[in-house]
Every structure is written in C-alpha cells, then in structure tokens.
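J.: everything below, folded, please.
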Amino acid sequence: MNFLEYVLAGLGVGVVFGLFGAGGSAFATPVLAVLGVPGLLAVASPLPAMIPAAYVSARRYMKSGNLDRRVARLAIGGGVPGTLLGALASRLVGGDILLVLSGLLLLGIGGRMLLPDRPGAAERAADRRQSTAIASAQRSASVCSPASWRTGEGSSSSRSSC
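T.: Prediction:
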C-alpha cells in the first residue's frame, strides 16, 4: 500500500465525517481493512481523529441550538466507560474478530436507520430540547436583558431573579 492510497482513504473518510458530523471512523475501519491494513490497526487507527472531529461538530451544533445536552451527557456517560471496557476487551479478541464485530455493528445500525421512528418520537425530542438548560438560559436572557426592560417584556418581579 502506498502513501497516496492512505491519503485518499483519509480524505474520503474525512468528507464522510464532515458531511454527516459523525460516523467517519465506522466508515474508515472497513476502508482500511479493504486496503490491506491488519484488523487491529484498521479498528484502532481512526479513533484518534474522533476526539477533535466530535468536538468541532458538537460545538457547531451547540452554536446553532441543535445540541441536545441530555443526549450528549448520556452518550458521554456511557461512552467513556464503554470505551475503556472496549479497550480492555480488545486485548482478548483478535483483529479479525474485531473487524467482523465492527461490520456487524455497522450493519445493525444501518438497518435501524432504515426503520421508521416510533410514533411521537419527534415530539418527545422537541419536548426534551425545550426543557434543557439551553432553553432555560434563553428564556432568562430574554427576560433579564436591558432591552426587554425597555420594551416591557421583563416585569420587575422577573428582573429581580436575574
């Protein structure tokens, strides 16, 4: 395998990661395996790129108001210990088995994405977003801003809690 093939593979994975905001490493593992990278390296190599990419994506979503902090906390709360356990378990399992497991996981997630959402899922997600700290901060900012005082939106009793 030559240097150019790795660069092109990285470019393709980066485009997928940037386009969808995530999932690049799931795409990278089979691409690297097809290019002849040994299983354990194919699974592990994309992982360091996930941290900066996830940070940039989360920051962009947060700025646009589309980050569900509850879901983010749950994902981090389960993801960190899961990552540590997975790293320990990867020592017990060979690279070829990890490739097969990665492929099965990718197929399972892809299959789930093809299924329709459960009834009311969009409404429950919207309700969660409205009850997050972001929504509370936005409401407080609109009531506590001096501009709202001039327009009469913030009453004196609500201003006292600012």
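J.: does Leu101 lie in a helix or a strand, and which?
T.: Element membership for Leu101, per DSSP states H and E: helix 95-114.
J.: before we move on, what about Val15?
T.: Per DSSP H and E: Val15 is located in helix 3-20.
J.: same check, this time on Ala126
T.: Secondary structure assignment for Ala126, by DSSP H and E: helix 121-130.
J.: just the buried residues of the helix holding Leu101, please?
T.: Buried residues in helix 95-114, counted by 16 or more other CB atoms under 10 Å: 95, 98-99, 102. In this view, the C-beta of every residue, glycine as well, is placed from N, C-alpha and C.
J.: contacts for it, please.
T.: 26, 29-30, 33, 38-43, 90, 93 (CB atoms under 8 Å, 6 or more residues apart in numbering).
J.: flag the shaky bits of this protein, pLDDT-wise.
T.: Scanning the chain with the threshold set as pLDDT under 70 gives 1, 20-24, 132-162.
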